[in-house]
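>>> sequence? don't have it. structure:
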């Protein structure tokens with residue numbers, strides 16, 4: 001009598017390791033933000049600065065506003081923020097002083113200059129006055145700007161009005177930074193940071 005041999009398969013269970021996913025390290029985020037100077041309206045020369053660090057701006061009595069350009073620089077690891085970049089940056093500007101633009105104020109007068117064929121002279125006529133439609137508070141500084149990707153420079157315009165003569169005005173620059181932090185090979189989370197600087201003006 002023949003014996004029937006039955007072979008039972010032996011299953012070998014092996015522990016399969018999950019592949020290790022190494023989370024990429026974020027680049028070093030070393031940021032610097034500074035305000036360098038305050039220039040005259042045309043940007044040709046710096047305003048006088050006293051030992052206490054206050055800039056002196058002489059307000060013009062012949063114009064409603066006097067302009068000054070504030071300059072600064074934002075750098076990431078000592079270099080301008082490139083494009084594209086895992087870092088998003090913008091600068092918010094705030095002023096200690098505002099002025100009221102009400103609906104009784106005239107914004108500007110529109111003129112037209114043309115050659116008068118009858119008289120042979122240039123003639124200027126007033127076309128009308130543009131007025132504001134509602135009351136609003138106007139800050140003495142532009143509210144936002146962005147660093148240059150080529151050299152990291154930051155600029156804004158400061159424009160106090162003549163009735164502020166004798167006042168000390170503080171301009172605050174807040175550099176808002178959003179940076180990517182890797183959480184896996186595919187995903188990142190955003191972290192926010194900020195740097196704040198101040199510059200002060202004595203209006204004369």
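That came through, no problem. Note that this is a predicted model, so its numbers are computed, not measured.
>>> all contacts plus neighbour counts: C-alpha atoms, from now on.
Noted.
>>> Run through who's touching stretch 92-102.
Here stretch 92-102 makes contact (C-alpha atoms under 8 Å, 6 or more residues apart in numbering) with 132, 134-145, 161, 169-176.
>>> Residue 83 contacts residue 149, correct?
Yes. Counting by C-alpha atoms under 8 Å, residue 83 touches residue 149, with 6.7 Å between them.
>>> that older thread, name only those of the contacts of stretch 92-102 that count as buried.
Buried subset of the contacts of stretch 92-102 (neighbour count, 16 or more other C-alpha atoms under 10 Å): 139-142, 145, 161, 169-175.
>>> that's a helix at residue 201, yeah?
No. Using DSSP: H, G, I helix; E, B strand; the rest coil, the assignment for residue 201 is strand, not a helix.
>>> returning to what we had before: most widely separated two among the buried ones among the contacts of stretch 92-102?
Greatest spatial distance among the buried ones among the contacts of stretch 92-102 (C-alpha to C-alpha): 161 and 175, at 26.0 Å.
>>> picking that back up, neighbour count: residue 83 and residue 149, which is higher?
Neighbour count, other C-alpha atoms under 10 Å: between residue 83 and residue 149, residue 149 has more, with 15 against 10.
>>> tell me the pLDDT at the more buried one?
Predicted confidence (pLDDT) for residue 149: 92.
>>> and residue 38, what are its bridge partners?
Beta bridges link residue 38 to residue 70, judged by DSSP bridges.
>>> so where's the protein uncertain?
1-21, 102-115, 122, 126-134 (pLDDT under 70).
>>> what ranges do the strands span in it?
31-40, 48-49, 54-57, 68-76, 87-95, 98-101, 106-116, 121-131, 136-139, 144-145, 153-158, 168-182, 188-203 (DSSP state E).
>>> Can you tell me how far the residue lying closest to residue 136 once chain neighbours are set aside is from residue 138?
Closest residue to residue 136 apart from its sequence neighbours, by C-alpha to C-alpha, 6 or more residues apart in numbering: residue 101 at 5.2 Å. Residue 101 sits 7 Å away from residue 138, taking C-alpha to C-alpha, to the nearest Å as the criterion.
>>> Redo the strands of the chain as JSON lines? Include distance to residue 24.
Formatted as JSON lines, these follow (distance: least, C-alpha to C-alpha, whole Å):
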{"stretch": "strand 31-40", "distance to residue 24": "20"}
{"stretch": "strand 48-49", "distance to residue 24": "47"}
{"stretch": "strand 54-57", "distance to residue 24": "46"}
{"stretch": "strand 68-76", "distance to residue 24": "19"}
{"stretch": "strand 87-95", "distance to residue 24": "16"}
{"stretch": "strand 98-101", "distance to residue 24": "47"}
{"stretch": "strand 106-116", "distance to residue 24": "55"}
{"stretch": "strand 121-131", "distance to residue 24": "57"}
{"stretch": "strand 136-139", "distance to residue 24": "44"}
{"stretch": "strand 144-145", "distance to residue 24": "32"}
{"stretch": "strand 153-158", "distance to residue 24": "30"}
{"stretch": "strand 168-182", "distance to residue 24": "6"}
{"stretch": "strand 188-203", "distance to residue 24": "10"}
